[in-house]
Each structure stands twice: as structure tokens, then as C-alpha cells.
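> pasting the sequence and the predicted model now:
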Amino acid sequence: MSLLELFLIFVLQFEAGVSGVLPLYQVPGHDVTLPCASASSSDTTCSMVSWLYNRDRSQTFSEVLNGNVLKSSARAARLSLDTSCSLVLNDITAEDAGRYTCWQGRNTDQDVHIHLSVLTLSPSPPDADPKRDGEVTLECSLLRYRGSCQQNSIRWVNETGTVLLGEGVGYKFLGQMNCVSVLTVKRQSGHNRRYACQFVNMENNVEIEADYTPVFTDSRDWSPLNNFMLALRIAGLILMIVITVLVIRARGEEIQTIIW
């Protein structure tokens, strides 16, 4: 580790306070651009810019040093800098939540601090049989740099925008614990509905949401192979009926011949 990296980590670890924090919210699988608004427009190589990452206050990691993505970074393959020295993070995961700092020199007044929060929605069981009715438990979590979540800041709504509380037709709200909220929904043939988990701020404005639509595959929606097998069975049944009729007719003719 270079002396510059050690210095950056020292500054971040013992920083007295953070001002001008920019909050960003995303869901897994998307791309996000973390702006470095104060970067000099003349520094097209971003040679004076470094990016650091904190999952919490205990550890600081260097992601970009003097305009170059560090190969030692766990997310190096998904990181890049654009022409404004903003950090581009592709295909984000829940583990990418945390604080990102654009460091542009020893004058910390120019630093840009970004708190990236990631909202995840996970069904349980994840491999529920799509051909059967049943219940699925949805867990919605907001991963963030620090701080807890206000009660009722993570809420559930249906396709009409109605907030789901308590217990109703096809759902049961199990409550919120810190930054985790749980809802149980019923999957029923012909009644697929859309549910969304939303994180709202203190002004009750939606910052980010994640959607879930129960998938129910009707048992009648067979594959071409199933249709072919069904056709073979029907053909076999018809053949058996024809053979039976012919046998009965032949026996009938044989009996008439004996009588005459």
C-alpha cells in the first residue's frame, strides 16, 4: 500500500464530520454514476482524483487512486471513471452499499461524499412451484452506510398504490424491524397481483422502490412436448377403440355364421 493510500485512509478514518453528503438509492442489477462535482474540468485524466469506499466507519478501502481503478478492489471489474471523473459502478449488488468519497487533494472542503443505499426484495421460498397456489414471504431490506430506518419508512403497496397494513385479501403485513420489512402474499391462479416495496423519506416521498409480481404458470400452459405426448395418448385411445369395435364386429359376424 502506497503512502498516499495510507494518508487517504487516515483522513477518512479520523474525519471529524461529513458535510454536503449526497444520498443515492438503487436496486441490485442497475448501473449508477457517483458524481465528483468539484473535479477540475481541465483535469481530463482525473490524475488528481481518488475514490474511497466505507462499508462502515471501521474500514476504508481505496477504489481509485490518481485516476486509476485499483486492481486490488473487490469491485474493480465493475468500476470506471467517466470524463468528469465520476465513478461509474455497473451491475450493483447489496454489498456495494456504503459511503463513497471523491478525494481531490488535501483540502477536504472539495471532497464529495455519497451515501449509496441499496434496496433489495427477496421472496421465500425463492423456488416456489409456479404451478401451485401457495404463500410467499417477501423480505424487503435497505442496506445503507449508517443509521437506522424510521418506523414505517419501508412500506408495501399493491398495483393500485394502496398501502398494505395489517391483514387483507391475499396478504399479511408482518411488520418492520429497523431497515427490514416483511410481507406474506398469496399466489393464486388467475389472481396474480403486483406488490411494491418502497422506501420513503421523512416528507413521505418515495426515494426508491422494488417490485414483485407473483408468477403463476397455469397447468394448461403446456410445452410443445407435452402437447405432442397428449396427441399420442389421444391417438392411442382412438386406435384402441377402433380395434375393439372391429373385434366385436368380427365376433358378431362369426356368431351369425355359426347360427346359419
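Good, I have the coordinates.
> pick out the residue nearest the middle of the protein.
residue 28 (4.4 Å; C-alpha atoms, centre = their mean).
> how far away is it from residue 143?
10 Å (C-beta to C-beta, to the nearest Å). For the C-beta atoms, the positions are set from N, CA and C on the backbone; glycine is no exception.
> likewise residue 87?
In terms of C-beta to C-beta, residue 87 sits 18 Å off from residue 143.
> neighbour-wise, which of those two wins?
residue 87 (25 against 19; other C-beta atoms under 10 Å).
> next, count neighbours for residue 90.
13.
> again, but for the one 5 residues further on
As a burial measure, residue 95 scores 12 neighbours (other C-beta under 10 Å).
> check what pLDDT it gets.
Listed pLDDT for residue 95 reads 93.
> all helices in the stretch 101-250 of the chain, in order from the N-terminus.
Secondary structure of the stretch 101-250 of the chain by DSSP state H, counting those that start in this stretch: the helices cover 224-259.
> before we move on, back to that, hey, what's in contact with both of residue 28 and residue 143?
Listed as contacting both residue 28 and residue 143 by C-beta atoms under 8 Å, 6 or more residues apart in numbering are 94, 118, 120.
> now do the strands in the stretch 1-150 of the chain.
Under the criterion DSSP state E, counting those that start in this stretch, strands of the stretch 1-150 of the chain are mapped to 21-26, 32-34, 50-56, 59-65, 68-69, 79-81, 87-89, 98-103, 112-124, 134-143.
> quick one: strands adjacent to the longest one?
Partner strands for strand 112-124, per DSSP bridges, with pairing direction: strand 21-26 (parallel), strand 98-103 (antiparallel), strand 134-143 (antiparallel).
> show me which residues of the last one are buried.
Right, the one you point to is strand 134-143. Of the residues in strand 134-143, 135-136, 138, 140-143 count as buried by neighbour count, 16 or more other C-beta atoms under 10 Å.
> just those now: which is nearest residue 49?
Proximity of the buried residues of strand 134-143 to residue 49 (C-beta to C-beta) peaks at residue 143, which lies at 26.0 Å.
> OK, contacts around that closest one?
Counted by C-beta under 8 Å, 6+ apart, residue 143 has contacts 94, 97, 117-120, 179.
> swap in residue 56?
98, 145-146.
> of those residues, buried ones?
Among these, the ones that count as buried (16+ other C-beta under 10 Å) are 98, 145.
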